[in-house]
Structure formats: C-alpha cells, structure tokens
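1. Structure of the sequence below:
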Amino acid sequence: MSWYRPQCAEVAPDGDGWRHTGLRIVTLAAGESTSWSTGPFEQVVVPLSGAAELTCDGSPITLHGRPDVFTAVTDLCYVPPGSQVTLGSAAGGRFAVASAFAAAGLPLRYRPASEVPVEVRGAGSATRQVNNLADASSFACQQLIVVEVLTPGGNWSSYPPHKHDEHRPDETELEEIYYFEVARGGAGYQRVYTSGPEREIDVLAEVRSGDVVLVPHGWHGPSMAAPGYDLYYLNVMAGPGDRAWRFRDDPAHAWIRDTWADQPIDPRVPFYGRPA
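-> Reported below is the predicted structural model:
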C-alpha cells in the first residue's frame, strides 16, 4: 500500500492497513450540489474555499467558509452517523469531509469560526499556527479529531518527529491523514519513518496542493515548508481507543523542543486570528 497519494480526493478505511478514518475532498462548481449518506461514520465538514448550504435530514446549516485556507479561520459542522446530507454552493468551492467510524449519540452541530481556538506552537524556524477545528478539548465528537496547521515558508512543523501508535498512558493509538495545500503553486515535504517492529514505514514525499500522506503508524515529521511557499495541512485523526491526542517525541530529537524557550516567535505567525 502506498502511504503517499498525490492528487487524492478520497481516503476510506479498507479493513486492512487503514482502519478508522476517511477524508473526501468535494469540489463544487457554482450552483452545483451533491448528496451522500454518512452510514456508520461521524463526519466534520470543513470549507477549504467558498461557502455552502448543508442540509442534514432536513435541517439546514449555512457554512460561511472562507476565500482560502491561508486567509481566514472557517466555520464547520458535525454530522452524525446514519444521516442523509446534501451540500450545495451558490458560488462554488472546495470542502473537506473528514470521517471516522463512530456510534450514534451526538446531534448535528454548527461551530462558528469565532469559536475555533487558534494557537501558535513552537518558536524560531519551528513556529506554526494551529486551528483546532474539532480537537478533543473544545469540540465534541465520538472519535474524530480534526485540526489544521499553517507553516510559513522556510519553517518546519510536526516537529520534533512524534508518534501516536500505541495504547499506553502517555500515548493514544491514532491513525492520521495529512491533506496538503501549498501557496503559490509550490511544494513542501513530509517525512514518516519506522517506530519499531511491525511498524515499518518509510515516506519522504514532495507534496503539492491536493496531495495526501497517510500515517497508519510511525514517527512523523517534519512537515517542511520550502522557502517562499507557505504550507497548509488538514489533519484527520481517529483510533480504536480514547479520543485524546497523546503523543511521544522521537527520543533522538526530543531535545529540540527544549530550545524553543530561548527563541522568538516567528512574526509571520499567526497568519490570522479568529473573528470576533
């Protein structure tokens, strides 16, 4: 199985090497709409560009969206398993539909952009912005965790390399999808490597807008933004256990985190804040 998938519009569990999470990139022309059933999946719908009207089992939600991922935080919505969904866009746009196997129990919900926590992580050349769209601490889902990361050109993120592929007190077993967009038609790079026996993986991929890297296990990072080309990625995570993002840094590189206390924050970050 290839874990690097260029120009990938859909990822779905295959019951073998990929088991818990999915992602579909929906592109709509002006006035176009599409419908689907969520089946056994809970879903989070995230506008990447443009606005949309979503209807779930007859209940309407307006997603105001944004011009593109580099200019604004977006609103989003949660759609429960067993729902019938229609998504339409008057002016057209692109929308990410993140999914994970889940039990029923949570209702359809809208989250305005003003309620999305925005934070700056790292320092120096590892400074990046994280938009916690549907993280475990601020937005309820059964299994899904959805965040997005913006890294200015020349910086590294998902760094130091880390992993979350074991069930233990300091780590959660989570698959992770990286969906990339790169400013100005540029390229970035993503690394994933083996974290132990039966967790062999070796990915060093040049990524462009629309590319996906899957992380079933293993140390992952850095995500590298080439100078001059800001890098965006959407992370979709879920696993068989707790809905919590507990991770461990690669011991060979964990010391790097301690150096941030003496470095300034890159003034290019944040790219933007959340609206009032």
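
2. Could you look up the SS state of Glu42?
-> Assigned with DSSP: H, G, I helix; E, B strand; the rest coil, Glu42 falls in the strand class.

3. Give me the distance between the residue nearest to Ala183 when sequence neighbours are not counted and Pro67.
-> Leaving aside its sequence neighbours, Ala183 sits nearest to Asp230 (CB to CB, 6 or more residues apart in numbering; 4.1 Å). From N, CA and C alone the C-beta is placed, and that goes for glycine too. Remark: distance between Asp230 and Pro67 (CB to CB, to the nearest Å) = 15 Å.

4. between these two, who's got more neighbours?
-> Asp230 (22 against 12; other CB atoms under 10 Å).

5. My read is that the more buried one contacts Gly154, right?
-> No. The criterion here is CB atoms under 8 Å, and Asp230 misses it with Gly154 at 9.4 Å.

6. Which residues are in contact with each of the two?
-> Counting by CB atoms under 8 Å, 6 or more residues apart in numbering, Asp230 and Gly154 have no shared contacts at all.

7. So what does Asp262 have for phi and psi?
-> The phi and psi values for Asp262, taken as degrees, to the nearest 10, are phi -100, psi 10.

8. Could you please name the strands the strand or helix carrying Tyr189 pairs with and the direction of each pair?
-> Assigned by DSSP states H and E, Tyr189 falls within strand 188-193. Sheet pairing here is set by DSSP bridges, and for strand 188-193 it gives strand 202-207 (antiparallel), strand 219-225 (antiparallel).

9. What are the contacting residues of that strand?
-> By CB under 8 Å, 6+ apart, strand 188-193 touches 3-4, 151, 158, 161, 178, 180, 182, 201-208, 213, 215, 218-226, 229, 231.

10. looking only at pLDDT, what's the mean for it?
-> The pLDDT scores in strand 188-193 average 98.

11. can you map out the strands along the stretch 51-200 of the chain?
-> Using DSSP state E, counting those that start in this stretch, the strands of the stretch 51-200 of the chain run over 59-66, 76-79, 84-89, 93-101, 109-111, 118-121, 128-134, 145-151, 156-157, 162-163, 175-182, 188-193.

12. Output those in JSON lines, with distance to Asp262 appended to each entry.
-> Formatted as JSON lines, the strands of the stretch 51-200 of the chain follow (distance: least, CB to CB, whole Å):
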{"stretch": "strand 59-66", "distance to Asp262": "35"}
{"stretch": "strand 76-79", "distance to Asp262": "36"}
{"stretch": "strand 84-89", "distance to Asp262": "47"}
{"stretch": "strand 93-101", "distance to Asp262": "37"}
{"stretch": "strand 109-111", "distance to Asp262": "36"}
{"stretch": "strand 118-121", "distance to Asp262": "16"}
{"stretch": "strand 128-134", "distance to Asp262": "18"}
{"stretch": "strand 145-151", "distance to Asp262": "21"}
{"stretch": "strand 156-157", "distance to Asp262": "17"}
{"stretch": "strand 162-163", "distance to Asp262": "21"}
{"stretch": "strand 175-182", "distance to Asp262": "29"}
{"stretch": "strand 188-193", "distance to Asp262": "25"}
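
13. And those strands: which comes nearest Pro40?
-> strand 93-101 (5.6 Å; CB to CB).

14. Can you spell out which helices and strands pack onto that closest one?
-> strand 21-28, strand 41-56, strand 59-66, strand 231-238 (3 or more CB pairs under 8 Å, 6 or more residues apart in numbering; DSSP states H and E).

15. how distant is the third one from the center of its chain?
-> Pointing back at strand 59-66 there. Between the centre of strand 59-66 and the centre of its chain there are 19 Å (CA atoms, centre = their mean, to the nearest Å).

16. what comes up buried for it?
-> Within strand 59-66, the residues scored as buried using 16 or more other CB atoms under 10 Å are Ile61, Leu63, Gly65, Arg66.

17. For Glu32, find the nearest of the strands of the stretch 51-200 of the chain.
-> Of all the strands of the stretch 51-200 of the chain, strand 84-89 sits nearest to Glu32, with 6.7 Å by CB to CB.

18. Run through who's touching the closest one.
-> By CB under 8 Å, 6+ apart, the list of residues contacting strand 84-89 reads 26, 28, 30-38, 43, 45, 50-57, 79, 95.
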